[in-house]
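*Asks:* Need coordinates for the following:
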Amino acid sequence: MTAERDYALREEAIRWHVRIAEGSADDWEAFVDWLGADPAHARAYDAIEALDAEAGSAILKVQQAANDDRPSSTRWWWWWSGGVAASLALAAMLGPGLVGRGDPYQVATRAGQTRSVALPSGDRIALNGNSSITLDHKNPRFAKLERGEAIFTIRHDANAPFVVHVGEERIQDAGTVFNVIRDEEGVRVAVAEGAVLYNPQGEAVILAAGESLRDQGGNGAIIRSGVDPTAVGSWREGRLSYNATPLSLVAVDLARAIGEKVTLDPVLEKQRFTGTITLDTDRVRLFADLAVLLDVRAEHSASGWKLVTHSRAGR
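*Replies:* The predicted structure is shown next:
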């Protein structure tokens, strides 16, 4: 498929996405016919649907504004224009290198679920629970971590470096095994082998094996620290390893791994933990052991688990 045809299909898919959002039965029948006319139609539409959670509201707003402000005789033209504008909104969200010549797709996991992806380039990505990543069929050296945690095992190619997009940040490999986390606490990167360059066009922080960083975003400074290289990505073996890590981050990691909400007594959030937690499949036993390890009480309810100080237990 040529780049022009790929771009045209993307625009068609965006217009169908807009049209069926509040479409009639006739719209749906026409949409089904369009999908069945060519397998490429379904692939193009799936790519747009994969971005719905991030870009869908922008598309619908464009379409609504276009239709509401024009007489019915001109609405078709303005609906089409809205689709073009929506494609531009999608272009910004997809990032450079994907629009017109890319073929993005998403891989995601539920909380408590893990998944591995083997790329045609020989690179491998493993996703932890409650994680989502966007990849590109036409650019196997690109990945965008939308949320959660992933470990990358990358074959270095100086002429085509592997780049991971994490929000506004960029991570470029140098022949590497590295773990990346993106959540409400910011971005965390830890390197097991080789090295990575964090934000090549910005801070340009070089991390070698045994090093990690935490970037809370905003005006916060990037915090660098050491890490046991053998512990990087240990969640794949059912272990979470830490070195002087705030319990607030440990709780987020636990929730991602076990598929249940984990909260803390506020006085515990900044307390730091060094050690390894074994992710026992028996959750009661897991939190009983964790309570002893941290000298806290573990309480369970319909909303999940909570770790509290002994003085506040049962309140």
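
*Asks:* Any regions of the chain where pLDDT drops low?
*Replies:* Scanning the chain for pLDDT under 70 picks out 1-4, 7, 17-29, 31-33, 36, 46, 49-101, 218-220, 311-315.

*Asks:* So it: which segments form each domain?
*Replies:* 3-94, 104-231, 238-312 (automatic domain parsing).

*Asks:* who's in contact with the closest residue to D123 other than its chain neighbours?
*Replies:* Among residues not flanking D123 along the chain, I154 sits closest, at 5.0 Å (Cβ to Cβ, 6 or more residues apart in numbering). From N, CA and C alone the C-beta is placed, and that goes for glycine too. I154 makes contacts with D123, F162, D173, G175, T176, V177, F178, G194, as judged by Cβ atoms under 8 Å, 6 or more residues apart in numbering.

*Asks:* In a markdown table: those, plus neighbour count, secondary structure and distance to G217.
*Replies:* Converted to a markdown table, the contacts of I154 look like this (neighbours: other Cβ atoms under 10 Å; DSSP: H, G, I helix; E, B strand; the rest coil; distance: Cβ to Cβ, whole Å):
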| residue | neighbour count | secondary structure | distance to G217 |
| --- | --- | --- | --- |
| D123 | 20 | coil | 27 |
| F162 | 23 | coil | 23 |
| D173 | 24 | strand | 22 |
| G175 | 15 | coil | 28 |
| T176 | 24 | strand | 23 |
| V177 | 20 | strand | 25 |
| F178 | 28 | strand | 19 |
| G194 | 17 | coil | 25 |
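
*Asks:* which of the domains of the chain sits most buried?
*Replies:* For these, average neighbour numbers computed from mean count of other Cβ atoms under 10 Å are highest in domain 104-231, which has a mean of 18.

*Asks:* Tell me where the stretch 201-315 of the chain has helices.
*Replies:* Using DSSP state H, counting those that start in this stretch, the helices of the stretch 201-315 of the chain run over 247-258, 283-294.

*Asks:* Tabulate the ones you listed (TSV), appending distance to G202.
*Replies:* Listed next are the helices of the stretch 201-315 of the chain as TSV, based on distance: least, Cβ to Cβ, whole Å:
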stretch	distance to G202
helix 247-258	23
helix 283-294	36
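
*Asks:* so which of those helices gets nearest G167?
*Replies:* Smallest distance to G167 across these (Cβ to Cβ): 16.3 Å, for helix 247-258.

*Asks:* what's next to stretch 115-130, contact-wise?
*Replies:* 107-114, 133, 135, 140-141, 143, 147-155, 162, 233, 235-236, 255-259.

*Asks:* Using CSV, write down the CA coordinates of stretch 280-294.
*Replies:* Taking Å, rounded to 0.1, in the frame of the first residue of the first chain, the C-alpha atoms of stretch 280-294 are listed here in CSV:
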residue,chain,number,x,y,z
ASP,A,280,2.4,-14.6,46.4
THR,A,281,-0.7,-15.6,44.5
ASP,A,282,-2.4,-16.0,47.9
ARG,A,283,-3.2,-12.3,48.5
VAL,A,284,-4.0,-12.8,52.2
ARG,A,285,-0.6,-14.4,52.8
LEU,A,286,1.1,-11.7,50.6
PHE,A,287,-0.3,-8.8,52.7
ALA,A,288,0.3,-10.6,55.9
ASP,A,289,4.0,-11.0,55.0
LEU,A,290,4.1,-7.4,53.8
ALA,A,291,2.6,-6.2,57.0
VAL,A,292,5.3,-7.9,59.0
LEU,A,293,8.0,-6.6,56.6
LEU,A,294,6.9,-3.0,56.9
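
*Asks:* All further residue positions should be reported with the first residue as 58.
*Replies:* OK, 58 is where the count begins now, so the last one is stretch 337-351.

*Asks:* just the strands in the stretch 258-372 of the chain please.
*Replies:* Assigned by DSSP state E, counting those that start in this stretch, the stretch 258-372 of the chain shows strands spanning 262-265, 268-272, 280-283, 296-303, 319-321, 329-335, 354-358, 361-365.

*Asks:* okay if I get those as JSON lines plus distance to L176?
*Replies:* Converted to JSON lines, the strands of the stretch 258-372 of the chain look like this (distance: least, Cβ to Cβ, whole Å):
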{"stretch": "strand 262-265", "distance to L176": "22"}
{"stretch": "strand 268-272", "distance to L176": "24"}
{"stretch": "strand 280-283", "distance to L176": "29"}
{"stretch": "strand 296-303", "distance to L176": "26"}
{"stretch": "strand 319-321", "distance to L176": "32"}
{"stretch": "strand 329-335", "distance to L176": "30"}
{"stretch": "strand 354-358", "distance to L176": "40"}
{"stretch": "strand 361-365", "distance to L176": "35"}
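
*Asks:* that older thread, redo the contacts of I211 as JSON lines? Include distance to V324.
*Replies:* Shown next, in JSON lines, are the contacts of I211 (distance: Cβ to Cβ, whole Å):
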{"residue": "D180", "distance to V324": "43"}
{"residue": "F219", "distance to V324": "42"}
{"residue": "D230", "distance to V324": "40"}
{"residue": "G232", "distance to V324": "43"}
{"residue": "T233", "distance to V324": "38"}
{"residue": "V234", "distance to V324": "37"}
{"residue": "F235", "distance to V324": "33"}
{"residue": "G251", "distance to V324": "40"}
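
*Asks:* Right, I'll leave it there.
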